[in-house]
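1. Got a predicted structure here, sequence first:
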Amino acid sequence: MSIYFYGCITLDGYLADKNHNLDWLYQTGTIEETGYDSFYEKMDVTIMGKKTFNEISNMKDPHLVYQKTKNYVFTHTEELPVSGFIPISGNITEIVKNISDSQNVWIIGGTQILAPLLDNDMVDTLIIQIAPVLLGGGIPLFTQKEVLKRFYLDEVKQYGQFAELVYSKC
């Protein structure tokens, strides 16, 4: 199994503004301007938090967004209003350990999901796109414990206004 984080942040390291708003991202570019399609083709499972799911559920035809993958949403609710998304709760590291070794897992959004995986050295690849935007505050990508973590820079790409950095675990 390989665990990936793939997402976009601002120049100052935020996933969203303080109200969990992503307007800054939508105003910067589109997925068509990135390597998203080729990345998604390699994924088998997605895991996201409820706030990320809420953003997806506001899209036109949200049930079409992640059709190829098995999609888990960390939430306290037992049902979700969009088909193709499975509500789960519990310890993220234990849940990920129970996924088949043959599966590629995409961690979408949320530092609350990403941080425990980083703390337990479970993230294999970080694909971080950086948008030329400064928010000055908001929801940071990295909130893991204060322990040195090293990654190896594999690639640097430019997609329109986005810089993409691909890192692998050392």
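-> That came through fine.

2. Please tell me how far the spatially most central residue of the chain sits from Gly137.
-> For the chain, the residue lying nearest the average C-alpha position, counting by Cα atoms, centre = their mean, turns out to be Ile108 (2.2 Å). From Ile108 over to Gly137 the distance is 22 Å, taken as Cβ to Cβ, to the nearest Å. Every C-beta, even on glycine, is put in place using the N, C-alpha and C of the backbone.

3. Kindly report the same for Asn21.
-> If you go by Cβ to Cβ, the gap between Asn21 and Gly137 works out to 12 Å.

4. Compare those two (neighbour count), which wins?
-> Taking Asn21 and Gly137 together and counting by other Cβ atoms under 10 Å, Asn21 has the greater number of neighbours (14 against 10).

5. in this structure, which spans are strands?
-> Assigned by DSSP state E, the chain shows strands spanning 2-10, 14-16, 45-49, 70-74, 85-88, 104-108, 125-131, 139-140, 151-159, 162-169.

6. In CSV, list those along with mean pLDDT.
-> Converted to CSV, the strands of the chain look like this (pLDDT from 0 to 100):
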stretch, mean pLDDT
strand 2-10, 96
strand 14-16, 94
strand 45-49, 96
strand 70-74, 96
strand 85-88, 96
strand 104-108, 97
strand 125-131, 96
strand 139-140, 94
strand 151-159, 96
strand 162-169, 96
